[in-house]
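*Asks:* sequence plus predicted model, see below.
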Amino acid sequence: MAAQQMWVVSTLGGHLTNPRLSRKIWDAAQPLMRFTQFCNMKDDTLGNGHKGGVVLFDKLADVPGTHGTLVETNTMPRASFQVGQGTATIAEYGISFATTWKLEKLSEYNVDNIFHTKLKRHQAQTLDRACKAAFIDTLAKYVCVATDSYNLATDGAGTGNAGSNLNSYHVKNICDQLRIWNVPPYDNEGNYVCVASVKALRGLTDDSTWIDVYRYTKPGQRLTNEAGKIYNCRFVAENHLLSNALNSSYGESVFFGDEAVEEIPVQPPIITYEEKDHGRDKSIAWKCLTAFKSIWCDIGGKTGDSVDPTKGWTPHIVHVTTA
């Protein structure tokens, strides 16, 4: 019974019955999911699988050319548009915790409840980490060179070293660029969204144009961990995955509109329980099969992902980073 919680080893479970300790089990604060709330969900979820581990999805560019009036006696003009293809690889995620029948019976705490809590937190961290990787997989890289200057690259590589945190100047530049690229807003009120690290957000909260979240939306309408708003961009605070040390001192963030990242769940997360050796050897686990993929102009794109505004082939995500 290797690698499991055991009654005979105090650090592996025996201490859960120690009457000298507080009845409340102290646990480190864990971040809630920030990125997965913004995914576009693939409608058919692959029909519960059985279609292979690599998923292809089509992406349709805008119709090029003029948009003028028709002449009554002329033939109706014909047009074509580019069809690109994205690719995503389904991955398996999960972890299990093992215990013994003896620990379960002798512990004065509910071991199952403890493991359920740990599994849920591990699930949140794991899937949000995978989703974050898709959000930063964009050709659009923005570097805050100074408080009033920047570099924007569309080749997947940041240019120059970060020399400033976000401020209203940079927020307006990024949101304006998303509008120039005709990226649809995230919500029906014309807002884009930014998920920002602690330091990235700190550069904004003292800005005179900053609006705290409670001033413009009701609790039921807020995004998870939404902090505030500037220039029609809603900001979500993130404290676990994005860097607070760009060029040693500055914060990382991502700005995006609609159709940013697609989630392709073959098997949504589930909790499973297993018993062996007549119920003496037990384990509980969470597992899932899913994929997260940047939809437009990702670095690892299959075809047609070079930036081409004339065809509507533009990034829907801008990653604030450093060289």
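*Replies:* Arrived safely. Numbers count the residues shown, from 1 in each chain.
*Asks:* which parts of the stretch 201-323 of the chain are strands?
*Replies:* 211-212, 226-230, 233-237, 253-256, 261-263, 267-276, 281-290, 292-294, 317-320 (DSSP state E, counting those that start in this stretch).
*Asks:* ugh, typo on my part, it should be the stretch 1-150 of the chain
*Replies:* Under DSSP E, counting those that start in this stretch, the stretch 1-150 of the chain gives strands at 40-41, 54-60, 83-89, 91-100, 141-146, 149-153.
*Asks:* if we can go back for a sec, tell me the most buried of the strands of the stretch 201-323 of the chain?
*Replies:* strand 253-256 (a mean of 30; mean count of other CB atoms under 10 Å). Bear in mind the C-beta positions are built from the backbone N, C-alpha and C, glycine included.
*Asks:* and that one, what does it pack against?
*Replies:* Contacts defined by 3 or more CB pairs under 8 Å, 6 or more residues apart in numbering; DSSP states H and E place strand 253-256 against helix 168-180, strand 192-196, strand 317-320.
*Asks:* OK, contacts around the closest residue in space to C131 that isn't next to it in sequence?
*Replies:* Distances taken as CB to CB, 6 or more residues apart in numbering put F35 closest to C131, at 4.0 Å, once the chain neighbours are dropped. Contacts for F35 (CB atoms under 8 Å, 6 or more residues apart in numbering) come out as D128, C131, K132, F135, V195, E238, L241, V261.
*Asks:* return the member of these nearest to T69.
*Replies:* Taking CB to CB as the measure, T69 lies nearest V261 of the contacts of F35, at 38.9 Å.
*Asks:* tell me the contacts of that closest one?
*Replies:* By CB under 8 Å, 6+ apart, the contact list for V261 reads F35, F38, C39, N40, C131, A134, F135, F292, K293, S294, I295, I317.
*Asks:* got it, and W181?
*Replies:* Listed by CB under 8 Å, 6+ apart, the contact partners of W181 are P309, T314, P315, H316.
*Asks:* so which of those wins on neighbours?
*Replies:* Highest neighbour count within these, by other CB atoms under 10 Å: P315, with 27 neighbours.
*Asks:* where does this structure dip in pLDDT?
*Replies:* Residue ranges of the chain with pLDDT under 70: 1-32, 43-52, 64-67, 108-109, 111-112, 301-305.
*Asks:* find the centremost residue of it, please.
*Replies:* Residue closest to the mean C-alpha point of the chain, counted by CA atoms, centre = their mean, is F35 at 2.7 Å.
*Asks:* for it, grab phi and psi.
*Replies:* Dihedral angles of F35 (phi, psi; degrees, to the nearest 10) stand at phi -90, psi -40.
*Asks:* go on, D258?
*Replies:* phi -80, psi 160.
*Asks:* quick check: S96 touching I284?
*Replies:* Yes: in this structure, S96 is within contact of I284 by CB atoms under 8 Å, at 6.5 Å.
*Asks:* between those two, what contacts are shared?
*Replies:* In contact with both S96 and I284: E274, using CB under 8 Å, 6+ apart.
*Asks:* and S168, how far from Y231?
*Replies:* 7 Å (CB to CB, to the nearest Å).
*Asks:* what do those two both touch?
*Replies:* T209.
*Asks:* for the nearest residue to D258 once chain neighbours are set aside, grab phi and psi.
*Replies:* Leaving aside its sequence neighbours, D258 sits nearest to P184 (CB to CB, 6+ apart; 4.3 Å). Dihedral angles of P184 (phi, psi; degrees, to the nearest 10) stand at phi -60, psi 140.
*Asks:* what's the local residue count around P184?
*Replies:* 12.
*Asks:* also G220?
*Replies:* Count around G220 with other CB under 10 Å applied: 5.
*Asks:* could you export stretch 192-210 as PDB, CA atoms only?
*Replies:* The C-alpha coordinates for stretch 192-210 follow below in PDB (Å, rounded to 0.1, in the frame of the first residue of the first chain):
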ATOM      1  CA  TYR A 192     -13.500  43.700 -23.300                       C
ATOM      2  CA  VAL A 193     -11.900  41.700 -20.500                       C
ATOM      3  CA  CYS A 194      -8.500  41.700 -18.900                       C
ATOM      4  CA  VAL A 195      -7.200  39.000 -16.500                       C
ATOM      5  CA  ALA A 196      -4.400  40.600 -14.700                       C
ATOM      6  CA  SER A 197      -1.800  39.600 -12.100                       C
ATOM      7  CA  VAL A 198      -1.500  41.400  -8.800                       C
ATOM      8  CA  LYS A 199       1.200  43.800  -9.900                       C
ATOM      9  CA  ALA A 200      -0.400  44.500 -13.300                       C
ATOM     10  CA  LEU A 201      -3.700  45.400 -11.600                       C
ATOM     11  CA  ARG A 202      -1.900  47.500  -9.000                       C
ATOM     12  CA  GLY A 203      -0.900  49.900 -11.700                       C
ATOM     13  CA  LEU A 204      -4.500  50.600 -12.400                       C
ATOM     14  CA  THR A 205      -6.400  50.900  -9.100                       C
ATOM     15  CA  ASP A 206      -4.900  54.300  -8.300                       C
ATOM     16  CA  ASP A 207      -5.700  55.700 -11.700                       C
ATOM     17  CA  SER A 208      -8.300  58.500 -11.700                       C
ATOM     18  CA  THR A 209     -10.300  56.700 -14.400                       C
ATOM     19  CA  TRP A 210     -10.600  53.400 -12.400                       C
END
